[in-house]
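Student: Attaching a predicted model along with its sequence, questions to come.
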Amino acid sequence: MPVSGKIYELGTHVVLAGVKVQNTNTKDNTQSNATGFFSIKAKAGDILIFESFAYKPDTVLLTNIRYLEIFLQPQNTNLKEVKIKDQATKLGTLKDTSFHNQIVRYQRDEKGNLKGGVAIKFGYGKSAKEKRDEKLAYDTLATAQIDKAFSPTNVSKYIPLKGNDLKQFIAIYRPTIKQYKAPNFDLTLYLNDCYKKFLALPPDKRKLASLKADTIGY
């Protein structure tokens, strides 16, 4: 019997496509579609694993066959410990694959002798162009996520606005990338707070504010 459900990003409630779903008992696997929906053959007692790039994996033990809502937390990349296994390894350098292939160098004293510990060269070897390209890729992805989260269709699920009022609301309160990517950002709370502020604005102020937001690219 299939188990189905939807997969969202924790905090923003944006649907996630391309998330791998695997039944560890049967080894069956599938992926969520463009709407975040998935369906996989499973039964009570099976364990499902949900994995996606840039998100922490989640594991669910099925106690019954029901519709699931899964929320994945964005992955915060942490530097993993680098262990010295032998003398040959001590003499060289390593690239930490878990941290964007940054160079790991073993620390030495003034005479060149190993003194223990490692040094990480953050940004080592990256040109200005590479850094700009990385930022552009990050901003492009974040903008696409904001576009999706603050589309009229999605916003109208949370607040009772439509037509021009809805357009004005989105123009005024669409968050910046910095706001949206903040660790404590919660879409539901943010929209609820902004809706209260919007209701407090007189009609003429709503129009002027939305025009101003358009001119600065929000």
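Tutor: Thanks, I have the structure now.
Student: mind showing which ranges of the protein have poor pLDDT?
Tutor: Within the chain, the ranges that satisfy pLDDT under 70 run 76-126, 208-218.
Student: And the strands in it, which stretches?
Tutor: For the chain, the strands defined by DSSP state E occupy 2-9, 20-23, 29-31, 37-41, 47-52, 55-61, 68-72, 93-96, 102-108, 114-121.
Student: what residue lies at the spatial centre of this protein?
Tutor: What sits nearest the mean C-alpha location of the chain, by Cα atoms, centre = their mean, is P74, with 3.9 Å.
Student: Which neighbouring residues are in contact with it, exactly?
Tutor: P74 is in contact with 9-10, 54-56, counting by Cβ atoms under 8 Å, 6 or more residues apart in numbering. Where C-beta positions appear, they are placed from N, C-alpha and C, glycine not excepted.
Student: and the two most separated of these?
Tutor: Across those, no pair lies farther apart than L10 and A54, at 12.4 Å, counting by Cβ to Cβ.
Student: More neighbours: these two, which one.
Tutor: Counted by other Cβ atoms under 10 Å, L10 and A54 do not tie: L10 has more neighbours, with 16 against 12.
Student: Was I right to think that one contacts E69?
Tutor: No: L10 lies out of contact with E69 (Cβ atoms under 8 Å); the separation is 11.1 Å.
Student: CSV please, covering the contacts of P74 and showing distance to K20.
Tutor: Listed next are the contacts of P74 as CSV, based on distance: Cβ to Cβ, whole Å:
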residue, distance to K20
E9, 16
L10, 17
A54, 13
Y55, 11
K56, 13
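Student: hmm, back to that, can you name the residues bridging to the residue nearest to the centre of the chain?
Tutor: The partner list for P74 in beta bridges (DSSP bridges) reads Y55.
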